[in-house]
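J.: show me how the following folds:
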Amino acid sequence: MESYNRVFEIERNDIGNAGTVASLTKRELKKRGLSRDFVKKVTIGVYEAEINVVIHSYGGTVEVEINEEFIEITYKDRGPGIENIENAMTEGFSTASKYAIENGFGAGMGLPNIKAVSDEMSLTSSKDGTNLII
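T.: Numbers count the residues shown, from 1 in each chain. Down below sits the predicted model:
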């Protein structure tokens with residue numbers, strides 16, 4: 001099957017569209033006949049990371065690459081960055097805004113969930129932004 005490579009913009013605080021990339025990725029994986037459990041794991045990781053960009057950054061992009069050998073999802077957001085990655089990887093730790101919490105997000109499970117469903121995860125961050133590859 002042909003490779004799938006798409007880049008999507010993610011806007012800050014755009015909770016109404018959060019999950020769109022996860023839905024489109026899920027559709028593409030299902031079309032390829034991958035197992036239900038595998039599709040679920042990938043979709044959870046994509047969704048959690050997408051929400052993190054929406055509620056924690058000033059916006060960014062996600063590139064979804066699917067081919068016969070691997071699936072790689074790359075998030076690049078613009079600031080403010082993750083001050084302490086070790087803390088951010090701790091279940092329940094959150095720096096979510098009041099807005100995010102009022103909308104049902106910010107429980108501090110995003111990064112731990114992403115790590116749990118990913119074969120590999122690379123996370124780097126500075127005040128200029130965060131890069132996540134799963």
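J.: every contact and neighbour count from this point should use C-alpha atoms.
T.: Fine.
J.: helix, strand, or coil at the spatially most central residue of the chain?
T.: Nearest to the geometric centre of the chain sits A49, at 1.6 Å (Cα atoms, centre = their mean). Under DSSP: H, G, I helix; E, B strand; the rest coil, A49 falls in the helix class.
J.: and the gap between it and D77?
T.: 11 Å (Cα to Cα, to the nearest Å).
J.: thinking again about what came up before, for the residue nearest to the centre of the chain, what are its contacts?
T.: Counting by Cα atoms under 8 Å, 6 or more residues apart in numbering, A49 touches Y75, G110, L111, I114.
J.: okay, it: pLDDT?
T.: Looking at A49, its pLDDT reads 98.
J.: got it, and M1?
T.: 83.
J.: near it, how many other residues are there?
T.: Counted with other Cα atoms under 10 Å, the neighbours of M1 add up to 7.
J.: ditto for N131
T.: Number of residues near N131 (other Cα under 10 Å) recorded here: 18.
J.: same deal with I114?
T.: I114 is flanked by 23 other residues according to other Cα under 10 Å.
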